[in-house]
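Undergrad: Turn this into a model:
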Amino acid sequence: MHIMPFWLNYLPFSSFFLTILTVFFLCCTRSTMRLVTLVVLLLVLCLASSEAWLFKDNEYVKMFQTFLTKFKKAYSTSKFAERLMQFKKNMDKITELNKKRMQQIDEVAYGVNQFSDLSKDEWLAKYTGSTDSPASVFLEGASGMFTDAEEATEEEMSDAALDAAFKAGFDWTKKAVLGPARQQHECGSCWAFASVATVEAAIAIKNGKRGGILSPQMLVDCATDCASGCISGHASCAYKYMRDTGYFADAANPYKNRQQSTCPDKSAKPVGKISNALKTQPAAAAFIKHVKTVPLLVTMHAGPLQFYKSGVVGNNTGCPNMINHAVVLVGYGATTGGAKYYKIRNSWGSDWGEAGHFRISAEGNVCAIHKYGGFLPVL
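TA: Numbering: from 1, shown residues only. All right, here's what the predicted structure looks like:
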């Protein structure tokens with residue numbers, strides 16, 4: 001284990017100016033100039049030694065060592081200092097975010113997880129469909145694929161009825177139609193995991209029991225006419241492939257955390273095919289109607305999820321009105337204070353968030369959750 005010396009915490013410009021001023025101080029002969037230089041030197045030293053960190057250096061190192069052990073990570077000597085510095089920044093950010101909860105600004109708790117040594121851009125690039133991509137990345141490519149579902153529009157569902165439905169709640173995770181949340185690792189294959197999960201759930205609901213696990217890897221490798229494997233993909237590509245070619249057992253093509261150079265679907269037999277896919281309206285009334293039939297694939301911006309631990313993601317996240325992540329809507333409910341939320345299954349493992357899930361406000365368009373409709377397969 002390599003521990004970064006405390007003096008490496010200081011910003012490069014501080015060390016640079018300290019060196020220059022020290023040399024100048026030692027070389028000066030005029031007493032007045034030496035006095036002025038000494039004052040400036042002491043001022044810069046004070047600034048350099050009072051970085052705006054929230055914890056002591058040894059505390060960061062101890063937390064980082066715990067993080068590395070828990071998540072089984074290791075870095076070379078050349079990378080250790082860089083990752084520790086990013087971890088320090090993230091720890092301070094997590095602390096500031098949690099102040100909002102303490103101040104009752106929002107209802108989300110943040111904490112250390114497997115992403116705590118990554119910058120936001122690194123995390124988005126590795127664990128979502130792409131870095132801040134527009135919605136078209138997910139929804140273009142297979143035009144005409146979806147049939148519009150019969151809707152219960154907002155006008156057909158009164159506010160009182162909507163409030164009552166959310167208060168009553170619904171949760172597929174309590175009905176054993178899906179296994180534990182799966183792990184996409186450092187591959188932007190959320191679209192493949194989300195679409196496969198909806199088909200697994202549809203099969204379980206139809207048969208009255210869970211079936212086998214299906215292969216997202218086959219989609220990553222083979223649904224390439226309108227998707228880009230680990231870079232990005234979308235519901236239309238996934239469902240089109242599963243309609244035309246079929247869906248495969250996970251054992252036929254286990255997950256590799258990368259796109260393979262060739263598609264292996266010719267050497268394997270599909271388990272079955274879907275007959276169609278439906279698209280709902282982008283509204284709470286439509287979402288809660290259709291999710292009671294089968295879990296829905298929905299899209300959103302993942303911005304506030306990097307350090308998410310628990311609670312309901314609300315309107316105070318600063319999310320842009322664009323999407324970069326595909327997930328599975330598995331239920332809905334309301335907090336004791338009456339705030340309506342969706343329960344969503346992610347693909348970052350069962351040790352992330354609330355057992356692999358998170359909750360997000362169903363009111364308004366938080367993180368673009370209502371920008372586009374939900375998607376569901378028809379067997």
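
Undergrad: now the spatially closest residue to residue 310 that is not a sequence neighbour, what's its secondary structure?
TA: Nearest residue to residue 310 in three dimensions, chain neighbours excluded: residue 109, at 4.8 Å (C-beta to C-beta, 6 or more residues apart in numbering). (Glycine included, C-beta is placed from N, CA and C.) Secondary structure, DSSP: H, G, I helix; E, B strand; the rest coil: residue 109 is strand.

Undergrad: Show me the strands in the stretch 101-250 of the chain, by range?
TA: All strands of the stretch 101-250 of the chain, identified by DSSP state E, counting those that start in this stretch, fall at 107-110, 146-148, 170-171.

Undergrad: Least reliable of those strands by average pLDDT, please.
TA: Within these, the stretch with the lowest mean pLDDT is strand 146-148, showing a mean of 61.

Undergrad: hang on, the earlier thing: what's near enough to touch the residue nearest to residue 310?
TA: If you count contacts by C-beta atoms under 8 Å, 6 or more residues apart in numbering, residue 109 has them with 98, 101, 309, 310, 311.

Undergrad: Any figure for the gap between it and residue 123?
TA: Separation of residue 109 from residue 123 (C-beta to C-beta, to the nearest Å) stands at 18 Å.

Undergrad: So which of the contacts of residue 109 is surrounded by the most neighbours?
TA: residue 311 (19 neighbours; other C-beta atoms under 10 Å).

Undergrad: how far away is that residue from residue 78?
TA: 38 Å.

Undergrad: Next: residue 172.
TA: Residue 172 sits 46 Å away from residue 78 when distances are taken as C-beta to C-beta.

Undergrad: burial of the nearest residue to residue 157 once chain neighbours are set aside, as a residue count?
TA: Nearest residue to residue 157, sequence neighbours excluded (C-beta to C-beta, 6+ apart): residue 285, at 4.2 Å. Using other C-beta under 10 Å, residue 285 has 20 neighbouring residues.

Undergrad: Tell me where the stretch 251-379 of the chain is predicted with low confidence.
TA: Applying pLDDT under 70 to the stretch 251-379 of the chain flags no residue at all.

Undergrad: which residues in it form helices?
TA: Listed in chain order, the helices of the stretch 251-379 of the chain (DSSP state H, counting those that start in this stretch) span 284-290.

Undergrad: Please verify my assumption that residue 304 contacts residue 313.
TA: Yes: with contact defined as C-beta atoms under 8 Å, residue 304 reaches residue 313; the gap is 5.4 Å.

Undergrad: List the residues that are in contact with both of those two.
TA: Common neighbours of residue 304 and residue 313, counting by C-beta under 8 Å, 6+ apart, are 108, 367.

Undergrad: Neighbour count: the two, which is higher?
TA: Shown here are residue 304 and residue 313; by other C-beta under 10 Å, residue 313 has more neighbours (25 against 22).

Undergrad: where's that one relative to residue 366, distance?
TA: Counting by C-beta to C-beta, the gap from residue 313 to residue 366 is 6 Å.

Undergrad: What of residue 69?
TA: Distance, residue 69 to residue 366, by C-beta to C-beta: 35 Å.

Undergrad: try residue 336
TA: From residue 336 across to residue 366, the span is 19 Å (C-beta to C-beta).

Undergrad: go on, residue 77?
TA: 42 Å.

Undergrad: Comparing those two, which residue is more hemmed in?
TA: Comparing residue 77 with residue 366 by other C-beta under 10 Å, the one with more neighbours is residue 366, at 22 against 8.

Undergrad: which residues does that one contact?
TA: By C-beta under 8 Å, 6+ apart, residue 366 lies in contact with 313, 314, 315, 317, 319, 360.

Undergrad: In CSV, list the C-alpha atoms belonging to stretch 55-75.
TA: Extracted C-alpha coordinates of stretch 55-75, given in CSV (Å, rounded to 0.1, in the frame of the first residue of the first chain):
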residue,chain,number,x,y,z
PHE,A,55,-10.9,16.4,6.9
LYS,A,56,-7.3,16.0,8.0
ASP,A,57,-4.9,14.4,5.6
ASN,A,58,-4.5,11.2,7.7
GLU,A,59,-8.3,10.8,7.8
TYR,A,60,-8.5,10.9,4.0
VAL,A,61,-5.8,8.3,3.8
LYS,A,62,-7.5,6.0,6.3
MET,A,63,-10.8,6.3,4.5
PHE,A,64,-9.2,5.7,1.2
GLN,A,65,-7.4,2.5,2.5
THR,A,66,-10.8,1.3,3.8
PHE,A,67,-12.3,2.0,0.4
LEU,A,68,-9.6,0.1,-1.5
THR,A,69,-10.0,-2.9,0.8
LYS,A,70,-13.8,-3.0,0.7
PHE,A,71,-14.0,-2.7,-3.1
LYS,A,72,-10.9,-4.8,-3.8
LYS,A,73,-9.1,-2.0,-5.7
ALA,A,74,-5.4,-1.4,-6.1
TYR,A,75,-3.4,1.2,-7.9
